[in-house]
Structure formats: C-alpha cells, structure tokens
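Enquirer: Can you look at this prediction? I've put the sequence above it.
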Amino acid sequence: MTTLDQLNDMEELKRVMARYARYGDTQNWEEFRKLFTEDAVFSFEAMPRATKDEPQSGHFTEGRDAFIGGMGELLKGVQTYHNMYLPDINITGPTTATVIWGLHDLVKLPTCIFNGYGHIHQDYVKVDGQWKIIKSHTSRTFVEEQWL
C-alpha cells in the first residue's frame, strides 16, 4: 500500500463520518444504513435518554438493522446536531482501519436537551471498495442534560 493510497483512504474515512453526521441528523436512514456492515456492533456511554429513570450508560446493540431501528424510534421528531472532528486515523491494513473522532452532539428531545462531549471509537472494513463501519463505541467525558 503506497502513501498515496493511505492518504486517499484517510480522506474517504473522513467522508464516511461526514455522511454519518449528516444522514443521522437529517434522519435519512436509507443512506445512513449504507455506512455500516450488516453485522456492525454499537456501544454507548452516557447517551441521550427520554426520561431520568433510564440508564445513561451501558447501551449495546448488535446488527445494523437493530441499531438503525432503535435510532429511528428514539429520534422520531427529535432535532440533533453532531460535530465530529480531529480524527486520529490508523490504516491497519489494505481493508481495515481504526479512527477515534472528537465528538460534540446536541440532541433536543421533548423531555430533555442533551449536550454530549467525548469520542467515537470506530473500526472500519473496506467492502467492495467502500469503507464501512463494523464497530462503533461512543464514550462521553462530559454530559449536560437540561430536563424540561
């Protein structure tokens, strides 16, 4: 793998995350689905919740369809804004990579305004020439919840 190949892959990984934020925030689940492998796994620490009684951490979802179905349900009629920045990209092979993204997200639920600050740790695989997310872990170092 040449340096130019690695640089091209790094730019493409940035584009995947730009789409992740845009498709998620616009709730374009059809395009969002294309960013993941079918068997992708997802875990979250300190995520938005509809009530104070729900646990904030420890959420784990297996499978792209289960994740997107859950996101679609949680975010129905909800406004979100995700900003990912400062990618720490490691191309680990011709078809594998890991990236840690800085994260700030704003989620306006009917019951709570959630501001999260932290990181998204992702593993990627290249499938048919396209980078896809196979594993995603969101950790937040700081959370602000304004209950309405």
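Expert: Looks like it arrived, so ask away. Numbers count the residues shown, from 1 in each chain.
Enquirer: ok, which stretches of this structure are helices?
Expert: 3-25, 29-33, 64-74 (DSSP state H).
Enquirer: Can you check which of these gets nearest to His104?
Expert: Shortest distance between His104 and the helices of the chain, using C-beta to C-beta, is found for helix 3-25: 10.6 Å. Bear in mind the C-beta positions are built from the backbone N, C-alpha and C, glycine included.
Enquirer: Can you name every helix or strand that that closest one contacts?
Expert: For helix 3-25, the packing partners by 3 or more C-beta pairs under 8 Å, 6 or more residues apart in numbering; DSSP states H and E come out as helix 29-33, strand 79-93, strand 96-108, strand 112-127, strand 130-147.
Enquirer: need those in a markdown table with mean pLDDT, can you?
Expert: Shown next, in a markdown table, are these (pLDDT from 0 to 100):
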| stretch | mean pLDDT |
| --- | --- |
| helix 29-33 | 97 |
| strand 79-93 | 97 |
| strand 96-108 | 98 |
| strand 112-127 | 98 |
| strand 130-147 | 97 |
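Enquirer: Save these as a markdown table, and put in mean neighbour count and distance to Val16 too.
Expert: Listed next are the helices and strands packed on helix 3-25 as a markdown table, based on neighbours: other C-beta atoms under 10 Å; distance: least, C-beta to C-beta, whole Å:
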| stretch | mean neighbour count | distance to Val16 |
| --- | --- | --- |
| helix 29-33 | 14 | 11 |
| strand 79-93 | 14 | 10 |
| strand 96-108 | 18 | 9 |
| strand 112-127 | 19 | 7 |
| strand 130-147 | 16 | 5 |
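Enquirer: I appreciate the help and will end here.
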